[in-house]
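**Student:** Predicted model follows, preceded by the sequence.
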Amino acid sequence: HKLSVFDSFLGENIQLQRIALCEDPNKKGRLMALYHYSNKTYVDVSENGGKTWVNRYKHAKVRRVDVNHAEIGIAPGNSNTILIGGVRAYLSKDGGKSFEQVTYPKYRTPLFVHDDLRSMVLLDSLRYYLGTDGGVSYTSEGGKTWSDLNGTGHCAVMGYGIGLLDSGLIIGCQDLGSMVYRAGEWKSLGRLYGDGGDAVQLNDRVLTVLSGSIRAMSASELRMETHYGPAQRMRPFTAKLDVHPDGQSAFFVADHLYQLIGKKWVKLTDSIDNKGYKANCFAINSSEPNLLFYALDQPSWDNPNFAKKFFRSSDAGASWEDITANLPILKWRFITGIASNASDPSNVVVSLGIIDQDEVHKAYRSEDGGNSWYNWSEGLPPLTTFKIRHVPTTQSTYVLASVGGLYFRKAEMEQWELLDGAIPQLAIRDFEFDMEKKKLYAVTYGNGVWVLDLTEKLLN
């Protein structure tokens, strides 16, 4: 029952990462296998249900068939038409003796298909569907041209960020770039190829995070795409964007904290040595915009030099005070979100990352502007969090997003409560409030985008 590679490398301890198998729909018991070893991709065939295997193809030009990507299919009605894929797709018309590449990641070209194949369906020798990290693509011409079928959106999209537009919303997705929702319709901004992220609208411009850097487009047409970010040492694709309360400048949280003033990005945290950690979250108080909070990722793991992970500024970022020691739990946790209360700036609540094994440490609250803190996690699951925000216009209502869904709490409540509604209890990576329409929009990691009406329970 050995594949052909074992005959070629006798005596070697061969360990294959992944083997893709398919049965010939035109002949029962005939199997084909796709795998990679020693810098070459193999296609083997078995005529007896896998008892013996013969190599049909071995070459180095089919790249990246590995533990994450390996797919093979045979066309119904024509056993000579074989489609294989790893990061990209290759087609054979001679039964697997030779293969030619039929997908490329260059947008707006006939062969454009997003990288990273996860599934394939062959209807016949000309019609194929490909499922990739960027959605679904289709050809009716044997791979000569491909159509992107993502225009109406995906209920299973893996979202990293969400931003409100004047006339809709925009989400950033893993591997799918950004998608925009307007007039009841989703459209894929496929030219933003790669890992999409957070987004904001700043006057007539939309800023989006793509693979850790910023792209800018006109808000009306979403056509002009330019690189618009600061010079960065690190490009975390989970970087975040925010807008100043005056609506005239934006903030970018990446390797450091930057502010867009006019047409220039200013590094507000140049005086802070982040020691290789990336900036993880930031908050500006909308009623006192000189009050800023800033935190880095990863725990300190009880480092004796416990400091430089959590900062506060009272002069709009001109200077920073290290308040890490005020929150000792940061030795074993890290801050994922900061909620600065606009109705009472002395109230601050942070959400914390890392799964808890014993006592729950998911939210901590300060009533003196960050000088002292206490555990405020009652009612929360012991799961990773992603974001926390104060609900605008309320006295003391907060919403927290976690792997276990959305939760809310007011200062007078004894514990956090799960938000009512049909939104599933799964990873919610980002959310935004639309206070004019009294709605909350949330993007999940694997179950699309959801909208929730802000009821009086939340707004009072």
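**Tutor:** That came in fine, so what should we check first? Keep in mind that what you see is a predicted model, and the values were worked out from it rather than measured.

**Student:** quick one, what contacts the residue nearest to the spatial centre of the chain?
**Tutor:** The residue lying closest to the centre of the chain (CA atoms, centre = their mean) is Y160, at 3.6 Å. Shown in contact with Y160 (CB atoms under 8 Å, 6 or more residues apart in numbering): 172-174, 195-198, 209, 237-238, 429-430, 443, 445. C-beta here means a position set from N, CA and C on the backbone, and glycine is covered the same way.

**Student:** Pick the one among these closest to I19.
**Tutor:** Out of the contacts of Y160, the one with the shortest distance to I19 is Q174. That distance is 25.7 Å, counting by CB to CB.

**Student:** hmm, which two among the contacts of Y160 are most spread apart?
**Tutor:** Comparing every pair within these by CB to CB identifies V209 and Y445 as the most remote, at 15.6 Å.

**Student:** how much distance is there from stretch 164-178 to the middle of the chain?
**Tutor:** For stretch 164-178, the gap between its own C-alpha mean and the chain's C-alpha mean amounts to 12 Å (CA atoms, centre = their mean, to the nearest Å).

**Student:** Ok, stretch 48-64 next?
**Tutor:** Its chain's C-alpha centre and that of stretch 48-64 lie 35 Å apart, by CA atoms, centre = their mean.

**Student:** again, but for stretch 161-173
**Tutor:** Using CA atoms, centre = their mean, the offset of stretch 161-173 from its chain centre is 14 Å.

**Student:** Could I get the pLDDT score of the residue nearest to the centre of the chain?
**Tutor:** Model confidence at Y160, given as pLDDT, is 93.

**Student:** One more: G135?
**Tutor:** G135 is assigned a predicted lDDT (pLDDT) of 82.

**Student:** Next, give phi and psi for it.
**Tutor:** Here the main-chain torsion angles of G135 (degrees, to the nearest 10) amount to phi 120, psi -140.

**Student:** How about it: what's its closest non-neighbour residue?
**Tutor:** If the residues on either side of it in the chain are set aside, G135 comes closest to N150, at 3.9 Å by CB to CB, 6 or more residues apart in numbering.

**Student:** Which residues are in contact with the one you found?
**Tutor:** By CB under 8 Å, 6+ apart, the residues touching N150 are 134-136, 176, 179, 188, 190.

**Student:** Of the residues you listed, which is the nearest to K278?
**Tutor:** Of all these, K278 sits closest to L176, with 22.8 Å by CB to CB.

**Student:** beta partners of that closest one?
**Tutor:** Each beta-bridge partner of L176 is listed here: G194, as defined by DSSP bridges.

**Student:** picking that back up, quick one: which of V209 and Y445 has more around it?
**Tutor:** Neighbours around V209 and Y445, counted as other CB atoms under 10 Å, are more numerous at V209. The numbers are 31 against 17.

**Student:** pLDDT of whichever strand or helix holds that one, averaged?
**Tutor:** With secondary structure defined by DSSP states H and E, V209 is part of strand 205-210. Averaged across strand 205-210, pLDDT comes to 92.

**Student:** re earlier: identify the farthest-apart pair in the contacts of N150.
**Tutor:** Of all pairs drawn from those, the greatest distance, 13.5 Å, lies between V136 and M179 (CB to CB).

**Student:** ok, the two, which is more surrounded?
**Tutor:** More neighbours sit around M179 than around the other of V136 and M179, counting by other CB under 10 Å; the figures are 25 against 17.

**Student:** Verify the stated contact: the more buried one with L165.
**Tutor:** No. With contact taken as CB atoms under 8 Å, M179 and L165 are classed as non-touching, separated by 12.0 Å.

**Student:** Quick check on D195: phi, psi?
**Tutor:** phi -90, psi 110.

**Student:** Spell out which residues sit in contact with I428, please.
**Tutor:** Taking CB under 8 Å, 6+ apart, one finds 386-387, 401-402, 405-406, 442-445 in contact with I428.

**Student:** which one of those is nearest S314?
**Tutor:** Taking CB to CB as the measure, S314 sits nearest to K387 out of the contacts of I428, at 23.8 Å.

**Student:** The closest one is in what secondary structure piece?
**Tutor:** Under the assignment given by DSSP H and E, the secondary-structure element containing K387 is strand 385-390.

**Student:** what's in contact with whichever helix or strand comes after that strand?
**Tutor:** Moving toward the C-terminus from strand 385-390, the first helix or strand encountered (DSSP H and E) is strand 397-402. Residues lying outside strand 397-402 but in contact with it, judged by CB under 8 Å, 6+ apart, are 337, 339, 349, 351, 362-363, 380-381, 383-391, 406-410, 416, 419, 427-431, 440, 442, 458-459.

**Student:** I figured V348 was touching N341, is that so?
**Tutor:** Yes. Applying CB under 8 Å, one finds V348 in contact with N341, separated by 6.9 Å.

**Student:** Return the distance of P105 relative to L21.
**Tutor:** When distances are taken as CB to CB, to the nearest Å, P105 and L21 turn out to be 27 Å apart.

**Student:** cool, and G50?
**Tutor:** The span separating G50 from L21 equals 8 Å under the rule CB to CB.

**Student:** you'd agree S98 is up against Y57?
**Tutor:** Yes. Using CB under 8 Å, S98 is in contact with Y57, at 7.2 Å.

**Student:** the more surrounded of those two?
**Tutor:** Neighbours of S98 and Y57, each counted by other CB under 10 Å, are more numerous for Y57; the result is 23 against 13.

**Student:** What helix or strand is the more buried one located in?
**Tutor:** With elements taken from DSSP H and E, the one containing Y57 is strand 54-59.

**Student:** Show me what secondary structure element comes after that strand.
**Tutor:** Toward the C-terminal end, the helix or strand that comes next after strand 54-59 (DSSP H and E) is strand 71-75.

**Student:** Can you list the helices and strands that that following strand packs against?
**Tutor:** The helices and strands touching strand 71-75, judged by 3 or more CB pairs under 8 Å, 6 or more residues apart in numbering; DSSP states H and E, are strand 20-23, strand 31-37, strand 78-85, strand 117-122.

**Student:** For E367, give its distance to L164.
**Tutor:** In this structure, E367 lies at 30 Å from L164, with CB to CB as the measure.

**Student:** Which one's more surrounded, these two?
**Tutor:** Regarding E367 and L164, a neighbour count based on other CB under 10 Å identifies L164 as having more, with 19 against 16.

**Student:** Can you show me the CA trace of the strand holding K387 as CSV?
**Tutor:** Output in CSV follows, covering the C-alpha atoms of strand 385-390 (Å, rounded to 0.1, in the frame of the first residue of the first chain):
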residue,chain,number,x,y,z
THR,A,385,-11.3,38.9,24.6
PHE,A,386,-10.9,41.2,21.6
LYS,A,387,-12.4,44.6,22.4
ILE,A,388,-14.3,46.7,25.0
ARG,A,389,-16.1,50.0,24.5
HIS,A,390,-18.1,52.4,26.5
